[in-house]
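[1] Quick one: sequence and predicted model below, then my questions.
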Amino acid sequence: MHLRISLAAVAVLLASAGSASAATAPVSEPRIAAHFDLTAGQQPENIAVDRTGAAYLTFSFARQVVRVTPGRRPRVLATLPAPAKARTPNLGKAFVGGIARADDGTLYVTYATGTPDLTGVWAVRPGGRPQRIAALPADGLPNGLALDRRRGLLYVTDSVHGVVYRLPARGGAATVWASGAALRPSSFAGANGLKLHGGAVWVTNLDEGTVLRIPVTARGTAGGIQVRATGMPSIDDFAFTGRDDTLLAARDDGEVDLVRPDGTHTAVLTAADGLRTPTSVAVHGGRVYVPSAAYLTGTDPNLLVARLGR
């Protein structure tokens, strides 16, 4: 595996002079912590971070789950089985998307192949092989993923069908939890990134450039879909910065936006900071992690780490 990682950049974040974010709170001191090998398909799609600050990434087209630890060489934890012939909608090749991590170290990922035997949600337990725990429609594109640890539930977006599925984290049948025009695609991909926050499921719609909030009712059903922010073309996955509804959203067109509770938004990281088709965001321990997959740039897939101001 050809990965070039700056251990000093992960352990100690140094100032990046002249960056677009240096003068813009709350994100500062961006630094590329790891560079990945595009020729090996190492394009990071999604990220989870554990209590130690180690990052877990999905390499979308390499079908891999990778762990990047400060001070150590990254390693592949799992490679999902290749389909006999991938027929993935919109992509044409197998795609590992969202990732979520349970407290026991189990990693959950979404996998789309266009085939009924492999498409669905997979679990990678510590020391174990990847296992599919729920099937999803082969003609869909399972993408974003979030874990409700308290209730033992997983939520999944489907970017082709424009719905949110829900299923038991232990495995079992997935059911459509939320649907509606606000989740559907208009050209390429609809419901995309997904997070749980403040008693609601939050979803982005890539085609529409929107951030959506779907309340979870007392019965566990989906409430009405609320549009919380607009005007962000190619919005992908995101992360909340703290207890309020402020979030950081990755945009495939080359920036990370700070989205405030009132829906206004400002770019806080750009290509000048090293972003190369950013796909997702994680926030942990006062740091912001942003994987770039280089889908559109074709150069330098990487992991950026920055400091989160308060």
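    Happy to help now that I have it.
[2] any idea how far H35 is from V163?
    36 Å (Cβ to Cβ, to the nearest Å). Every residue, glycine included, has its C-beta placed from N, CA and C.
[3] All the helices of the protein, residue numbers only.
    For the chain, helices defined by DSSP state H occupy the ranges 7-11.
[4] Where does the prediction get shaky in it?
    Low-confidence segments of the chain (pLDDT under 70): 1-25, 70-73, 310.
[5] report the longest strand in it, please.
    Using DSSP state E to assign secondary structure, the strand with the most residues in the chain is strand 27-35.
[6] Output it as PDB, nothing but the C-alphas.
    Taking C-alpha atoms only, strand 27-35 is exported to PDB below (Å, rounded to 0.1, in the frame of the first residue of the first chain):
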ATOM      1  CA  VAL A  27     -11.300  26.600  11.300                       C
ATOM      2  CA  SER A  28      -7.600  27.400  11.300                       C
ATOM      3  CA  GLU A  29      -4.100  25.800  10.800                       C
ATOM      4  CA  PRO A  30      -5.100  23.300   8.000                       C
ATOM      5  CA  ARG A  31      -2.400  20.800   7.200                       C
ATOM      6  CA  ILE A  32      -2.400  17.700   5.000                       C
ATOM      7  CA  ALA A  33      -1.800  14.800   7.300                       C
ATOM      8  CA  ALA A  34      -1.800  12.000   4.800                       C
ATOM      9  CA  HIS A  35      -1.500  11.600   1.000                       C
END
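[7] residue closest to the middle of this protein?
    N46 (3.4 Å; Cα atoms, centre = their mean).
[8] ok so, going back, counting neighbours, go ahead and name the busier of V163 and H35.
    Neighbour comparison, V163 and H35: the larger count goes to V163, with 22 against 19 (by other Cβ atoms under 10 Å).
[9] P168: neighbour count?
    Counted with other Cβ under 10 Å, P168 comes out at 14.
[10] wait, D257
    D257 has 23 neighbours, counted by other Cβ under 10 Å.
[11] how about the nearest residue to it, chain neighbours excluded?
    In this structure, D257 finds its nearest non-sequential neighbour in H265, 4.5 Å apart by Cβ to Cβ, 6 or more residues apart in numbering.
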